[in-house]
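K.L.:
missing the sequence, but the structure's below:
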Ligand code: SAH
């Protein structure tokens, strides 16, 4: 749908959304996000303060006092009647069933072939999206998103897009990954403008490579948009430089994911005192990771930090050493996602920590 492809300026305008369909509240929130004052009619509600929620259907005077009217009921006849009323009274209008009758022309020709953009959403703070990521999520027809994509980022997506959740259950990994790969192909072939939206950077522990391999096999055009990976986001927002001329000349990103209860890492490569080790998915295996580092020769008093929900309002950082961090974490209620940072650079946080949500 083309709602967001339009250069309509809604800031300061009063808009009316006649709701009932699954998209209606998102449309109302999107208009509010762009500065409109909005009345939404229907049973759904939202916490957005610029959206006034009212039950029932709009009256003729409600319609006539609105600058833009969106017919987003799940009753097609009701949408059509509202559209006709707006046409008679020269209101700007849009209907989810009849986008071709919107008051504005689509800016994108419908005959374009389907395509997929694999987009990195960053670690959560919406202002860390790239300009390209923002443009693509606003123009998408379909958005296939992950558990890690934050709510404020979801709120910036095209509200008229179809949203498909592709979160994975831990146990059914492979099968599900395969069906996500195939889903992207099917969606692009509609044809549709598909965004595959993933937390962080799609090429860092994101299986992004597998997803576009399937697209390549089917000759579906795609692009990859890098995102701020969680290691960079967490380090920056926790005040921990990953490298530093005095303390760490290199850093390495590893996954602490357990396979059959074991962590498959080359520990001997990770114990050099001048190396910062950043561990994705390291919460469950935290105790094993710290013990293995010590066992393979890293000093037991090496500083370590666990960053919870980095860059987000709920960010929290727990600090300790390889010896005591597991107990510190166990004593605190920690919510995922979390990032483990090991190395002397962690001590810089005392001076460089700046983000206090
Ligand atoms: N592709 C992603 C990583 C996917 S793996 C990226 O580049 O960031 C998922 C892991 O990333 C989580 O288990 C957690 O360890 C880490 N992670 C993602 N977002 C995070 C955040 N906001 N704060 C802390 N860790 C995060």
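P.N.:
Yep, that arrived. These numbers come from a predicted model, not from an experiment.

K.L.:
show me where the stretch 151-300 of the chain has its helices.
P.N.:
Under the criterion DSSP state H, counting those that start in this stretch, helices of the stretch 151-300 of the chain are mapped to 151-154, 173-188, 208-217, 230-238, 286-295.

K.L.:
quick one: list the elements packing against the shortest one.
P.N.:
Applying 3 or more CB pairs under 8 Å, 6 or more residues apart in numbering; DSSP states H and E, one finds that helix 151-154 contacts no other helix or strand. Using the backbone N, CA and C atoms, a C-beta is placed for each residue, glycine as well.

K.L.:
ok, it near the ligand or not?
P.N.:
No: against the ligand, helix 151-154 shows no contacts by CB under 6 Å from any ligand atom, the least distance being 11.3 Å.

K.L.:
and that helix, how far out from the chain's middle?
P.N.:
6 Å (CA atoms, centre = their mean, to the nearest Å).

K.L.:
list the buried residues for it?
P.N.:
Buried residues in helix 151-154, counting neighbours by 16 or more other CB atoms under 10 Å, are found at 153, 154.

K.L.:
not counting its own residues, what contacts that helix?
P.N.:
Helix 151-154 is touched from outside by 121, 122, 124, 125, 126, 129, 137, 145, 163, 197, with contacts defined as CB atoms under 8 Å, 6 or more residues apart in numbering.

K.L.:
and the gap between residue 212 and the ligand?
P.N.:
14 Å (CB to the nearest ligand atom, to the nearest Å).

K.L.:
let me fix that: residue 201
P.N.:
4 Å.

K.L.:
I'd assumed residue 228 was in contact with that residue.
P.N.:
Yes: under the criterion of CB atoms under 8 Å, residue 201 makes contact with residue 228 at 7.0 Å.

K.L.:
quick check: neighbours shared by the two?
P.N.:
residue 120.

K.L.:
tell me the pLDDT at the most far-flung residue of the chain relative to its centre?
P.N.:
Taking CA atoms, centre = their mean, the residue of the chain most remote from its mean C-alpha position is residue 88, at 40.6 Å. Listed pLDDT for residue 88 reads 88.

K.L.:
tally of neighbours for the closest residue in space to residue 284 that isn't next to it in sequence?
P.N.:
In this structure, residue 284 finds its nearest non-sequential neighbour in residue 258, 5.9 Å apart by CB to CB, 6 or more residues apart in numbering. Residues lying near residue 258 (other CB atoms under 10 Å) number 15.

K.L.:
and the gap between residue 258 and the ligand?
P.N.:
Taking CB to the nearest ligand atom, one finds residue 258 at 12 Å from the ligand.

K.L.:
and that residue, what does it touch?
P.N.:
284, 285, 288.

K.L.:
by neighbours, which of those wins?
P.N.:
residue 285 (21 neighbours).

K.L.:
in contact with that one, which residues?
P.N.:
Per CB under 8 Å, 6+ apart, neighbours of residue 285: 256, 257, 258, 263.
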